[in-house]
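> predicted coordinates and the sequence they were generated for:
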Amino acid sequence: MPVELLDEQELYDAIRPFRPDRAAFDLGVQDYLRGRAVLAEQDPARDLPPLARAAAAVLPLPLLTGGKVSSSAAVTSGGIGQKLLGVVLFPAVSLFVLLGATVLSVLGIRRTQHTSDPKLQTADDYDTAIRSWWLAHWLPALLLYIGMFALMLSGVTSWLFPLFIASFGALVFVVRSLARRGLGNRSMLAGTLMTPLILIGQLSMMANFGDGSIHLLDPKVVSYVFWLGLFCLGFLSFRIPYLAKGLINRNAGVLVLIAMYLPIAVLLATMLRIPPSPSAIKQHVAAFDRARFGSATWRGWEIPARWTIEAGLNPDLSKPRELFERSLAAEPDPFTLGIAFRVGLVTPADLPKFHDMGGKASRLLDRRRKDEAILSLGQQEWVIRALLMENKLDDAERDFLAGRLHATMSRGMAGIHGPLSDLLLTTQLLEAIDRPVDPERRRTLVHATLVKLHCTESGGFRRAGGFKASLNANVSDDDATAQAVELMQIYGVPDGLDLNWVRSYTKPKLVGYGKPDWTSAVTRERLAAIPGIEPPTLWQWLYYERNLLAAVILVGLCIYAVWISPVVQPAAQQPT
Amino acid sequence: MARNLLPMELPELIDAFRGPLVGLIASWGVPWRDAAEIAQDSFAEAWLGRERCRGDWQEPEVFGRWLRGITLNQYRSWARGRRRLSLFASDALDELPAATDDAPSDRLEALRAAIRRLPARQREVVLMHYLEETSVREVAALLTVSEKTVEGRLYQARKNQHRMLSVSRNVPLRKLLLCL
């Protein structure tokens, strides 16, 4: 028997009336896309990474972004897992986690007072208990140290924070497990906690620590927090009541302790550096009387010198002027001449001493080179400034030079001397020849160059956050960063460039040796003077310095744990 | 005119999947007008998020799977909204909406009633395939099944519908026989 089927045509006819109109359907899709585009434009979180957007579904955006974004945002439709991950990783959340971990740790430590087992009587009992404790816990302790060491060595401290938080838990665990074995007395606990504090304190002094993340304070300050905690624990463990009765007779160990700590304390104190103040910068500028490395030394001096002049600090330039006169006698290089002109060390009386100025000027003003870029502008600049000083440039020549300077500026990334240097020099020279550049006209070019040369990569002793002199350079440098910030003073800050990176790059080095970093100090001052730029918010400070905050709390918890633990009488203690 | 304003690949994708997608949504019990709107939103969302799609979204099979996932989310959102407004009947998913043509013949009415009575899987392929006479390839892509499976379901659906219509046509005769 053949199978009978319904005729397809009948089915078509039955359903056809429900067909959507094609044109109306397309228009509906278009309207939706257009609406989404408008929403995306108005979305304050549009530049946030997907995880942050997911987390925005749970937390207020200003908290989430450390104050970077201040209004409500559209959120992604991510799954619960994605949202949780976003929540765990982002700024304010980490601060809440820190607060929560602190409270839980304090409660955990308080509870250990009730779990202490005081069965141990003899020194052998103590010895055995200590050995068994270390045998049971050496592996996790080692892994924690290795993790911290690797993260600090890599320079990326973002992931160090969870490790610090994990240390809170480890601390509570150590306190409890020692208490359970009858070792929860003050001396024992302090001795156990001092070892990791010494280690973390030393690790956080590592050369790369903090170089790969944004920090507004020198991350090495974390080390001081741990050392301070170490000193406190050391003194706490030597039974305060006995100290009051006489140091020498009662406890010779205190003297040993002081003898050990004093050199470390002196060493740490000598490594602390105070950021240079404007008056210190002015004194530094005035004291310049020796250019050890020729134009490179002059360049290092010019940055603070020009700033002090622009800031109206009126530095005494007699010593630098004497140095320049000495270098004039020995025929200075063109870069030094350019610097001397920019800072105002050259007087009209010096002009006859410059060699071949006429020939250089005629090559610079050669009509055949109309609108042609000036090669190696850094070497030619002094000629233009000398011509200006002699008042030898008429209007036509100024227009001609302006054309060449604009052509030089337009080379952008192709500049030989360095794109940032070229952009800054051309801007300054155009101003000097009374043909000032229109910032609006050149803003796109300057911003594109700044974004291309901004470097947020670290590793291999590179500090992230500064600017590279050229695309070929592997590392950002202080001079290029100073030039970039000067350009931002004139042309504004490019969209998407987080100034906190630059703040992080130029932050004062509070720990270390050597002379103050004058260039960074001046760059910080210039950065703060950029019109319309707000200083970092409290949330940003807390977020970027969350490792320091966590370190302070961790040390505080250690001290608290030792402080509330019972003091064992000497007869019962003597573990070894 | 309107089509030129759309991104280049989107019109082709809409042409390929519009019919089966609207049919699929309608098979879940959504009124036709709402089904078309959900489909429009789904196309736009799928297009905007195409870079998140696993695999090459320009492959019909991949895009079909992606589009179906988006559509399910859109449908759930629509259903939640309906529930909030208390307009959403609990058995609406099993009901195929009534026709809107002005003067449907008895035969067409019977046919539509037969479609409503079909098992869910057969009903969805019928609506997806016959709404715009789309090829089984797009239907299969949206349902993430093979083309043979779609053809099999269509075959079963037509067979069932023929049986249902034959039975309903014979009802008066059977009633008469019972009376006798």
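Sure thing, it's come through. Only a predicted model underlies this, so the values are computations on that prediction, with no experimental measurement involved.
> the residue nearest the centre of chain B and B:Val30, how far apart?
Geometric centre of chain B, nearest residue: B:Gly23, 2.1 Å, by C-alpha atoms, centre = their mean. B:Gly23 sits 11 Å away from B:Val30, going by C-beta to C-beta, to the nearest Å. For glycine as for every other residue, the C-beta is placed from the backbone atoms N, C-alpha and C.
> now for the helix ranked longest in chain A, which elements pack on it?
In chain A, assigned by DSSP state H, the helix with the most residues is helix A:123-154. Here helix A:123-154 touches helix A:160-180, helix A:186-203, going by 3 or more C-beta pairs under 8 Å, 6 or more residues apart in numbering or on different chains; DSSP states H and E.
> including distance to B:Phe43, could these go into TSV?
Putting these into TSV (distance: least, C-beta to C-beta, whole Å) gives the following:
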stretch	distance to B:Phe43
helix A:160-180	42
helix A:186-203	55
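> element containing B:Gln74, please.
helix B:60-84 (DSSP states H and E).
> and the helix or strand following that helix, C-alpha only, in CSV?
Per DSSP H and E, helix B:60-84 leads on to helix B:106-117 as the next helix or strand towards the C-terminus. The C-alpha trace of helix B:106-117 is given here as CSV (Å, rounded to 0.1, in the frame of the first residue of the first chain):
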residue,chain,number,x,y,z
ASP,B,106,-12.2,25.3,5.7
ARG,B,107,-9.5,23.2,4.2
LEU,B,108,-6.8,25.8,5.2
GLU,B,109,-8.2,26.0,8.7
ALA,B,110,-8.2,22.2,9.0
LEU,B,111,-4.6,22.2,7.7
ARG,B,112,-3.5,24.8,10.3
ALA,B,113,-5.2,22.9,13.0
ALA,B,114,-3.4,19.8,11.9
ILE,B,115,-0.1,21.6,12.1
ARG,B,116,-0.9,22.7,15.6
ARG,B,117,-1.5,19.1,16.6
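> quick check on the closest residue to A:Thr427 other than its chain neighbours: phi, psi?
Nearest non-adjacent residue to A:Thr427, counting by C-beta to C-beta, 6 or more residues apart in numbering or on different chains: A:Val437, 5.4 Å away. Here is the backbone geometry of A:Val437 (degrees, to the nearest 10): phi -80, psi 140.
> now for A:Val437, how many residues are close by?
By other C-beta atoms under 10 Å in any protein chain shown, 21 other residues sit near A:Val437.
> same check, this time on A:Thr427
A:Thr427, neighbours per other C-beta under 10 Å, totals 21.
> need the contact list for it.
Taking C-beta atoms under 8 Å, 6 or more residues apart in numbering or on different chains as the criterion, A:Thr427 is in contact with A:Met409, A:Val437, A:Arg442, A:Leu487, A:Ile490.
> quick check: the gap between it and A:Leu388.
To A:Leu388, A:Thr427 is 16 Å away according to C-beta to C-beta.
> now A:Leu268
A:Leu268 sits 53 Å away from A:Leu388, taking C-beta to C-beta as the criterion.
> one step back: out of the helices and strands packed on helix A:123-154, which comes closest to chain B?
For chain B, the closest of those is helix A:160-180, at 27.2 Å, according to C-beta to the nearest C-beta.
> returning to what we had before: I'd say the residue nearest to the centre of chain B and B:Glu133 touch.
No: with contact defined as C-beta atoms under 8 Å, B:Gly23 does not reach B:Glu133; the gap is 11.0 Å.
> so which helix or strand takes in the residue nearest to the centre of chain B?
Element membership of B:Gly23, judged by DSSP H and E, is helix B:10-27.
> just how off-centre is that helix within its chain?
Helix B:10-27 sits 9 Å away from the centroid of its parent chain (C-alpha atoms, centre = their mean, to the nearest Å).
> sorry, back to before: out of the contacts of A:Thr427, who has the most neighbours?
Highest neighbour count within those: A:Met409, with 24 neighbours (other C-beta under 10 Å).
> I figured the residue nearest to A:Thr427 hits A:Gln428, correct?
No: A:Val437 sits out of contact with A:Gln428 when judged by C-beta under 8 Å, with a separation of 9.6 Å.
> where does chain B have low pLDDT?
Residues of chain B meeting the criterion pLDDT under 70: B:1-8, B:83-104, B:167-180.
> actually, the stretch 201-350 of chain A.
Residues of the stretch 201-350 of chain A that meet the criterion pLDDT under 70 lie in A:207-211, A:238-257.
> worst-scoring helix or strand of chain A, pLDDT-wise?
helix A:240-243 (a mean of 45; mean pLDDT, DSSP states H and E).
> which residues touch A:Val485?
Each residue near A:Val485 by C-beta under 8 Å, 6+ apart is listed here: A:Val502, A:Thr523, A:Arg526, A:Leu527, A:Ile530.
> nice, that's everything, thank you.
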